[in-house]
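In: give me a model of this one.
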Amino acid sequence: MSATLAFTAEELALVRFSVSPMWEVITSFRVLSRPGRYPVHGPWFDQVRPRLAGAGLLTGRLASLFHAESYIPDFLSPVPVVAAPTLAEELAAIRSTSPDHLSADLDYYAGLIADRPRPPFVDRLRTHTESAFCELSAEIEQYFEIALAPYWARIRTLLDADVYHRARQVAEHGAARLFNELHPDVSWNSGTLRMLHRQRVLCRDDNAPGLILVPSAFAWNKILTRAATGDVPQLCYGARGVGTVFARRAPEPSEAVAAVIGRSRALLLAELEAPASTTELAARTGMSAGGVSEHLTALRGAGMVSAHRAGRSVLYARTSVADSLLAAAV
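Out: Model (predicted):
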């Protein structure tokens, strides 16, 4: 099945980009629920999945909304009102979903999974909506903290770079080049955007004018659309260069950096190519746990490392400040 979306000149002028934490939650959870299907995310998958499983997040409330192969309830991806909403802002929008919108989403979702037992949380959303939304929001926050926050600086850099690239395309070559290079399933011709392999049909009569383009580090070779009645439609696509975000690289402490901050701290920054706990870093570097902790405290105070709660442990991640320092020393 394919979908088409026609644009007048006025509607084309309303096309905009947004970087959305909730779209990253949705697309990353899809990766986790399909082991082996997205090899480019393998390093991230291997690091994150055990931690999420230990926290019970792979079988919780959020997971109950991912039982359909090609549909996730639309209320999980509210229309972003700014170019880069925070997770808190998007969760607030989810909690304010109208009863009619929620009912329509859950009815459609229930029809798609009618051949299997319906998750109890889906019924709880209908009958105890306010408390269920609060529970779901708390779980999404926990998921984000474990699965995405330690990597967010790199993800955000990737997404911002993609938006900049697409904006340059429009400025230099026009909207046709932008749409035709988004994804092989997307094409633009004579004022109409065509999307192949869509389960749900987009209809301009049902949607608000314009289109929101959302780059994602986890959509990779897929496009996802969101077209709720009365809302601006959204198209989520894979950002360019995602392989550079999660590729495994051997840690190589820079001698130049070591001369400034010390060899132990330079080694820890190199090891934090992927987020890790104090215990993991101690085992990999041969330092004592106390020594690692002392160095991480200093690096965190200098803005080079961030800390993120993951169940009973704390994960440390390099910040963009540290990434820039290491890149400049190469």
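In: residue farthest from the centroid of this protein?
Out: Most distant from the centre of the chain: Ala259, at 36.4 Å, with distances by C-alpha atoms, centre = their mean.
In: in terms of secondary structure, what does the host helix or strand of it contact?
Out: Element membership of Ala259, judged by DSSP states H and E, is helix 255-261. Applying 3 or more C-beta pairs under 8 Å, 6 or more residues apart in numbering; DSSP states H and E, we find helix 255-261 packed against helix 263-271. Heads up, the C-betas are built off the backbone N, CA and C, glycines and all.
In: need the residues that contact the helix it packs on.
Out: 251-254, 257-258, 261, 281, 284-285, 287, 291-292, 295-296, 298-299, 304-305, 318, 322, 325-326 (C-beta atoms under 8 Å, 6 or more residues apart in numbering).
In: need the contact list for Ala217.
Out: So Ala217 contacts 24, 27-28, 155, 158-159, 238-239, 242, 245 (C-beta under 8 Å, 6+ apart).
In: which parts of the stretch 1-150 of the chain are helices?
Out: Secondary structure of the stretch 1-150 of the chain (DSSP state H, counting those that start in this stretch): helices located at 9-12, 21-32, 42-54, 87-95, 99-112, 120-127, 129-147.
In: just the angle for the next helix or strand after the longest one relative to helix 21-32, thanks.
Out: Right, helix 129-147. Proceeding N to C from helix 129-147, the next assigned helix or strand is helix 152-173, under DSSP H and E. Here the directions of helix 152-173 and helix 21-32 differ by 110 degrees (axes from the mean of the first three to the mean of the last three C-alpha atoms, to 10 degrees).
In: ok so, going back, tell me the buried residues within the contacts of helix 263-271.
Out: Buried by 16 or more other C-beta atoms under 10 Å: 253-254, 257-258, 261, 281, 285, 287, 291-292, 295-296, 299, 304-305, 318, 322, 325-326, out of the contacts of helix 263-271.
In: pLDDT below threshold where in the stretch 201-330 of the chain?
Out: Along the stretch 201-330 of the chain, the parts satisfying pLDDT under 70 run over 201-206, 248-254, 329-330.
In: Ile72: what's it in contact with?
Out: 26, 30, 65-66.
In: hmm, 10 Å instead?
Out: Neighbour list for Ile72: 26-27, 29-30, 62, 65-66, 105, 109, 224, 226 [criterion: C-beta atoms under 10 Å, 6 or more residues apart in numbering].
In: what of Gly286?
Out: Leu267.
In: next, give phi and psi for it.
Out: phi 80, psi 0 (degrees, to the nearest 10).
In: same question, Ser216
Out: Torsion angles, degrees, to the nearest 10, at Ser216: phi -140, psi 140.
In: gap between the nearest residue to it once chain neighbours are set aside and Asp46?
Out: Nearest non-adjacent residue to Ser216, counting by C-beta to C-beta, 6 or more residues apart in numbering: Thr27, 4.7 Å away. Distance of Thr27 to Asp46, computed by C-beta to C-beta, to the nearest Å: 18 Å.
In: which one's more surrounded, these two?
Out: Neighbour totals were compared for Thr27 and Asp46, and Thr27 leads with 24 against 12 (other C-beta atoms under 10 Å).
In: need the contact list for the more buried one.
Out: So Thr27 contacts 20, 38, 41, 72, 77, 214, 216-220, 222, 224, 236, 238 (C-beta under 10 Å, 6+ apart).
In: one more time with 6 Å, if that's ok
Out: 216, 218-219 (C-beta atoms under 6 Å, 6 or more residues apart in numbering).
In: do Ala114 as well
Out: In this structure, Ala114 makes contact with no residue, judged by C-beta under 6 Å, 6+ apart.
In: where does Ala317 fall, secondary structure wise?
Out: Ala317 belongs to strand 313-318, assigned by DSSP H and E.
In: residues in contact with that strand?
Out: Taking C-beta under 6 Å, 6+ apart as the rule, strand 313-318 contacts 150, 272, 275, 277, 296, 305-308.
In: one more time with 7 Å, if that's ok
Out: Outside of strand 313-318, the residues within contact range by C-beta atoms under 7 Å, 6 or more residues apart in numbering are 150-151, 269, 272, 275-277, 296, 304-308.
In: cool, stretch 126-137 as well?
Out: Residues outside stretch 126-137 that contact it (C-beta under 7 Å, 6+ apart): 61-62, 91, 94-95, 102, 106, 121, 124-125.
In: returning to what we had before: now the contacts of Ala217 as JSON lines including distance to Gln142?
Out: Converted to JSON lines, the contacts of Ala217 look like this (distance: C-beta to C-beta, whole Å):
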{"residue": "Glu24", "distance to Gln142": "15"}
{"residue": "Thr27", "distance to Gln142": "18"}
{"residue": "Ser28", "distance to Gln142": "14"}
{"residue": "Ile155", "distance to Gln142": "18"}
{"residue": "Leu158", "distance to Gln142": "23"}
{"residue": "Leu159", "distance to Gln142": "22"}
{"residue": "Gly238", "distance to Gln142": "26"}
{"residue": "Ala239", "distance to Gln142": "25"}
{"residue": "Val242", "distance to Gln142": "24"}
{"residue": "Val245", "distance to Gln142": "22"}
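In: okay then, goodbye and thanks.
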